[in-house]
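Colleague: Structure, please.
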Amino acid sequence: MSPPEVIVGEPEEAMNRLNGIDFMVVDSQRRDFSRVLRLAKLSNRGAVLICKNASSKNGSSFKWRSVIDDGSRRLVRSVFLPVGKGLDIAHIATSGGNSGSGKVQRRWIKHVDRQSGEEHVIRK
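Modeller: Numbering: from 1, shown residues only. From the prediction side, this is the model:
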């Protein structure tokens, strides 16, 4: 197992050098943070993606599906933690595996309103 690698620099350059990302933290106060997430070349086994400073105005309209909705990735679970200025954490999986049955499977989606704290459960 290779040691963890930390890369500092401009996001576009860093993303070009990285392949098989399984854990990534992005500052959501950056104007281009969602673009950086889209450029990430995730691992075949999926990844954990974290947006720090997620309660800022920049991240208020952010949706994980807008970043991963390219058909090769699938959102397994996401959670917002009110730690510091907020952490938005998502577990992303590859769409491969047993999802190719062709049958649409219904599932429950939980959404927590960040301002009111209300929890909404929707069946899709």
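Colleague: What is the neighbour count of residue 68?
Modeller: 22 (other CB atoms under 10 Å). Glycine gets a C-beta too; all of them are placed from N, C-alpha and C.
Colleague: Just confirm it contacts residue 78, I think it does.
Modeller: No: if you go by CB atoms under 8 Å, residue 68 and residue 78 don't touch, sitting 10.1 Å apart.
Colleague: Quick one: low-confidence residue ranges for the protein.
Modeller: Scanning the chain for pLDDT under 70 picks out 1, 56-62, 69-70, 95-106.
Colleague: mind running it again at 80?
Modeller: Counting by pLDDT under 80, the chain contains low-confidence ranges at 1-2, 4-7, 9, 55-63, 65-72, 94-111, 113, 117, 119-124.
Colleague: how about the helices in it?
Modeller: 11-17, 33-39, 64-68 (DSSP state H).
Colleague: the strands in this protein, which residues?
Modeller: 23-27, 47-52, 73-81, 87-94, 108-112, 119-123 (DSSP state E).
Colleague: other SSEs contacting the longest one?
Modeller: On a contact count with 3 or more CB pairs under 8 Å, 6 or more residues apart in numbering; DSSP states H and E, strand 73-81 meets helix 64-68, strand 87-94.
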